[in-house]
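Trainee: model the following, please.
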Amino acid sequence: MCLDLQTKKQLIDADNKQLTISKQSELLEFNRSSFYYRKVNKLSAEDYKIMNRIDEIFTEHPYYGTRRMMSILNREGYNIGRKMVRRYYGIMGIIAIYPKRNLSKRNQAHKVYPYLLRGLEINKANMVWSCDITYIRLKQGFVYLAAIIDCYSRKILSWRLSISLHNEFCIEALEEALESYGRPEIFNTDQGVQFTADNFTDKLIGEKIKISMDGKGRALDNIYIERFWRSIKQEKIYITELLSVFEAKRAIGEYVGFYNEHRPHQSLEYNTPEDIYSGKQKYVVKKGKKKARIWSKTEEVIIKNIENLELV
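Mentor: Reported below is the predicted structural model:
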């Protein structure tokens, strides 16, 4: 097609519900990532260093807000204020999981659905799925990872990487999970714009899936995916030098396969997520527990910290 890149980008209709941006880019014969690229204030090596440190701290303590994060960074010698920490949080797409008045930056025009997990016993696979987004650092730069987890088995059902926070990669992850595993009874997310957008919720509604969006219970019920973020970062991302998006995809793919099929989970009585999801667990989960949720010691510490945290 004899059109320059700028003209092709102008032909993209981001609101088209029939053709995704990925499909439109393919038809126009250019890389989808080019559509998202915008000239912005260039991030310095120091910016990346600070964001990587924020990622390490936040992964260990996902209930830290901007004020607490600023205090930690200042003590470590980074002379930055809360406004700058808030800017980094925005770039990285992270939001502290403690209960707060404004739970997520969302589009006020989008419908927000009720929270359905409070008091719910999750006792089987495909009962509740959850989706979230996290920051993945590269040697020079970063990408965003979206993943969908089955809350009962902790199995990662699908995932996608993106260089932007536009929600198409979330939609692609959802479509893959639905195609590969059927549909859940409930799909839970936060109130971020990626998940409240019509092009995302319409797919759930079309599949007759109940939509749940985190309310004050977010601190507890996002613990499944937060636990996975901590595992993949500490066991893979932080110890691997990722030079490109391609290398990040390969590393994440390797880890998800290991996590699902080979990594025993203490909270699953040392079964793997695949064991539990497929109903072929090698070790029987102890009977007599009141709830299907089994918190590990690490999770219990996080929950305790969240419950005792002052909203600052």
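
Trainee: show me the domain layout of the protein.
Mentor: According to automatic domain parsing, the chain comprises the domains 45-92, 128-281.

Trainee: next, the buried residues of the helix or strand where residue 226 lies.
Mentor: Using DSSP states H and E, residue 226 sits within helix 223-232. With burial defined by 16 or more other C-beta atoms under 10 Å, the residues of helix 223-232 counted as buried are 223, 224, 225, 226, 227, 228, 229, 230, 231, 232. Bear in mind the C-beta positions are built from the backbone N, C-alpha and C, glycine included.

Trainee: elements contacting it?
Mentor: Packing partners of helix 223-232 (3 or more C-beta pairs under 8 Å, 6 or more residues apart in numbering; DSSP states H and E): helix 45-60, strand 128-138, strand 141-150, helix 245-261, helix 297-308.

Trainee: let me have those in JSON lines, adding mean neighbour count, mean pLDDT and distance to residue 179 as columns.
Mentor: Supplementary listing: those in JSON lines, determined by neighbours: other C-beta atoms under 10 Å; pLDDT from 0 to 100; distance: least, C-beta to C-beta, whole Å:
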{"stretch": "helix 45-60", "mean neighbour count": "16", "mean pLDDT": "92", "distance to residue 179": "30"}
{"stretch": "strand 128-138", "mean neighbour count": "23", "mean pLDDT": "94", "distance to residue 179": "14"}
{"stretch": "strand 141-150", "mean neighbour count": "22", "mean pLDDT": "95", "distance to residue 179": "12"}
{"stretch": "helix 245-261", "mean neighbour count": "16", "mean pLDDT": "96", "distance to residue 179": "17"}
{"stretch": "helix 297-308", "mean neighbour count": "14", "mean pLDDT": "55", "distance to residue 179": "31"}
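
Trainee: which one of the domains of the chain lies nearest to residue 119?
Mentor: Nearest to residue 119, of all these, is domain 128-281, at 9.0 Å by C-beta to C-beta.

Trainee: end-to-end on that closest one?
Mentor: Length of domain 128-281, first residue to last, C-alpha to C-alpha, to the nearest Å: 19 Å.

Trainee: before we move on, what about stretch 237-250?
Mentor: End-to-end distance of stretch 237-250: 11 Å, with C-alpha to C-alpha as the criterion.

Trainee: possible to save the helices and strands packed on helix 223-232 as JSON lines with distance to residue 172?
Mentor: JSON lines is the format used below for these (distance: least, C-beta to C-beta, whole Å):
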{"stretch": "helix 45-60", "distance to residue 172": "24"}
{"stretch": "strand 128-138", "distance to residue 172": "12"}
{"stretch": "strand 141-150", "distance to residue 172": "8"}
{"stretch": "helix 245-261", "distance to residue 172": "13"}
{"stretch": "helix 297-308", "distance to residue 172": "29"}
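
Trainee: returning to what we had before: compile the domains of the chain into TSV and extend it with columns for distance to residue 111.
Mentor: Compiled in TSV, these are given as follows (distance: least, C-beta to C-beta, whole Å):
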stretch	distance to residue 111
domain 45-92	23
domain 128-281	7
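
Trainee: could you list the low-pLDDT ranges of the stretch 101-250 of the chain?
Mentor: For the stretch 101-250 of the chain, the stretches with pLDDT under 70 are 101-110, 215-221.
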